[in-house]
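Visitor: Predicted model, plus sequence, below.
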Amino acid sequence: MSDTQTPATVTPEQAMRRAIALSRENIETGGGPFGAVIVKDGRIVGEGANRVVPDGDPTAHAEVTAIRDACRRLGTHDLNGAVLYTSCEPCPMCLSATWWARIGEIAYGNGRADAAAIGFDDAAIYDEVARPIGERRLPLRRFLAEEAIAPFQAWAAKADKVPY
């Protein structure tokens, strides 16, 4: 993304069309059919496409790569006031990343059912997260909690911490 390619301000339709274009272009480079842009103050501040296979990174979803790009460009971890435009409804991981980035709104094109129809089905993850910890298929086991708490206590006592 360069400033010469991006208008000073973009409409929601332009932002979504850019996300869709990224999803289409990404297929040609071996990535999945997903694209995303982050808009803040009317400008595209981050872009991303699904790079899971090309990068060998299961977390390199379009929304996550767009969040990383926007945070790098803006020099912050806090995207408060931004809007995420994504070609598909975010998976649980991307929804969580959006939440942690403090993005204020998500606009998406394709829905979960559309993604599932082409082999990207997140239903099992949504079901798993809704279950009590003891009933999940992926076992979670608390271990060495007495030792693990010490860094948390150090963080809580740190006077110059940057909360997030």
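Guide: Received the coordinates, thanks. What you see is a predicted model; the values in this text were computed from it and never measured.

Visitor: Tell me the buried residues in the longest helix along the chain?
Guide: For the chain, the helix that runs over the most residues, judged by DSSP state H, is helix 12-28. Burial within helix 12-28, assessed by neighbour count using 16 or more other C-beta atoms under 10 Å, is assigned to 14-20, 22-23, 26. For the C-beta atoms, the positions are set from N, CA and C on the backbone; glycine is no exception.

Visitor: And the contacts of that helix?
Guide: 7, 10, 32-37, 39, 44, 47-51, 62, 83, 85-88, 107, 109 (C-beta atoms under 8 Å, 6 or more residues apart in numbering).

Visitor: Isn't Glu128 up against Arg137?
Guide: Yes. The pair Glu128 and Arg137 passes the contact test of C-beta atoms under 8 Å, sitting 6.2 Å apart.

Visitor: Would you map the strands across the protein?
Guide: Taking DSSP state E as the criterion, the chain contains strands spanning 35-40, 43-49, 83-88, 105-110.

Visitor: would JSON lines of the ones you listed with distance to Arg73 and mean pLDDT be doable?
Guide: Listed next are the strands of the chain as JSON lines, based on distance: least, C-beta to C-beta, whole Å; pLDDT from 0 to 100:
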{"stretch": "strand 35-40", "distance to Arg73": "9", "mean pLDDT": "98"}
{"stretch": "strand 43-49", "distance to Arg73": "6", "mean pLDDT": "98"}
{"stretch": "strand 83-88", "distance to Arg73": "15", "mean pLDDT": "98"}
{"stretch": "strand 105-110", "distance to Arg73": "19", "mean pLDDT": "98"}
